[in-house]
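Colleague: Below is the sequence, then the predicted model.
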Amino acid sequence: MDKNTLISTDIKLLLTHYKFDFSQVTITPLGNGHINSTYKLSTPEFEFVLQKINHKIFTNPMILCDNTQLINQHLLKQKNTVGYPLMVPQQILSKDGESSIKIGENYWRLMEFVEGSYTLEEVTSPEQAAQVAQAFASFSYALSDFPAEKLAVIIADFHDINFRMRQLREAVANDDENRLSNCQEVVNFCLAQQGFTEQVVEIISKLPVHVTHNDTKINNLLFSKTDNMPCAVIDLDTCMPGLLMHDFGDMVRTCCSNLAEDALNTEKMELNIDVFQALITNYQQAFGDNLSLLERQSLLVGAKLLPFIIGTRFLTDHLNGDKYFQVSRANHNLDRANNQLQLYKLISAAEPDLVQLFQ
């Protein structure tokens, strides 16, 4: 694709809202995100990240950008006072001080580009897992004195297990696509986990609310080309009030399986215990004495919860006709559901050995 073909009329109008000279600008696609459209914007003097926010998923993009602005301001203050160890890529404010601009039906934002950085798609060693845990824990710890209630809830009931189970039951009852017959066994398994869901509800009622990232995959970290260490946490779109066990559970979900999220051969799935241990050891160490015993214990619950909850979401979407998650083959969401639920089973089976790590 010719890089100049990306400079649409909307983008030309958008760039007039900023104080920089964009008379010589080129735009190229950046990253492989599935929700927002992200580009690298280059001029002879500056480089930026340009992003079109998916307003069908994020129905109030301006509030999303306001959340990011509040978080960045706090992290920058922490960096300048107590030494937050990572960089804080900033949103570039418009001439009118706005963090996002609406052009036509679309919302856009401009952000700092971190020179000399790169991203990774998967964890390949316990050492990388340790880096992931340290970076995301440092992010949450630096925000531990930020009042989470100041942030808007971006996606309501995002990790609410009761809400997700109600969605599954409704999809089963409706069976709009006549798909229940090909996944009844999987449905039965999910509905049989009531004891676990009750455990989740019980512990959640006792946990403090934090600012959480809610998408703690390794590809939401920037790594420095200089020392190959994490240098920034990115993609703050789902940051909102939440629980640390959700962030830890998402790290486990995305780091500890030997298979891709939609792999078919789930019987060959293995739980990487060395990676798991690196995650929990370094996550807890980064918080020091600032995690209560109950919060530490909740992390194992989160490690089971996130594969289970995303598994039920994939299953629900399969029953509903693949309306939320993009699919590229028949039964794609059902395959994903089986994959995530297998990881849940493996973590549950290993729990007697894992529990000693949560002290």
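Modeller: Happy to help now that I have it.
Colleague: what's downstream of the helix ranked longest in the chain, the next helix or strand?
Modeller: The longest helix of the chain (DSSP state H) is helix 293-320. Per DSSP states H and E, the first helix or strand lying C-terminal to helix 293-320 is helix 332-354.
Colleague: quick one: low-confidence parts of the chain?
Modeller: Along the chain, the parts satisfying pLDDT under 70 run over 1-6, 32-34, 359.
Colleague: all strands of it, in order?
Modeller: 26-29, 37-42, 47-53, 91-92, 101-103, 106-112, 117-118, 210-212, 221-224, 230-233, 240-242 (DSSP state E).
Colleague: Redo those as JSON lines? Include mean neighbour count.
Modeller: (Each C-beta comes from the backbone N, C-alpha and C, glycine too.) Formatted as JSON lines, the strands of the chain follow (neighbours: other CB atoms under 10 Å):
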{"stretch": "strand 26-29", "mean neighbour count": "14"}
{"stretch": "strand 37-42", "mean neighbour count": "18"}
{"stretch": "strand 47-53", "mean neighbour count": "20"}
{"stretch": "strand 91-92", "mean neighbour count": "18"}
{"stretch": "strand 101-103", "mean neighbour count": "17"}
{"stretch": "strand 106-112", "mean neighbour count": "21"}
{"stretch": "strand 117-118", "mean neighbour count": "14"}
{"stretch": "strand 210-212", "mean neighbour count": "25"}
{"stretch": "strand 221-224", "mean neighbour count": "20"}
{"stretch": "strand 230-233", "mean neighbour count": "22"}
{"stretch": "strand 240-242", "mean neighbour count": "20"}
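Colleague: one step back: and the longest helix of the chain, what's buried?
Modeller: 295-320 (16 or more other CB atoms under 10 Å).
Colleague: Can you give the distance of it from its chain's centre?
Modeller: With CA atoms, centre = their mean, to the nearest Å as the basis, helix 293-320 stands 13 Å off its chain's centre.
Colleague: on that earlier part again, how about the strands of the chain in a markdown table, adding distance to residue 354?
Modeller: Putting the strands of the chain into a markdown table (distance: least, CB to CB, whole Å) gives the following:
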| stretch | distance to residue 354 |
| --- | --- |
| strand 26-29 | 40 |
| strand 37-42 | 36 |
| strand 47-53 | 38 |
| strand 91-92 | 39 |
| strand 101-103 | 47 |
| strand 106-112 | 38 |
| strand 117-118 | 32 |
| strand 210-212 | 22 |
| strand 221-224 | 24 |
| strand 230-233 | 25 |
| strand 240-242 | 22 |
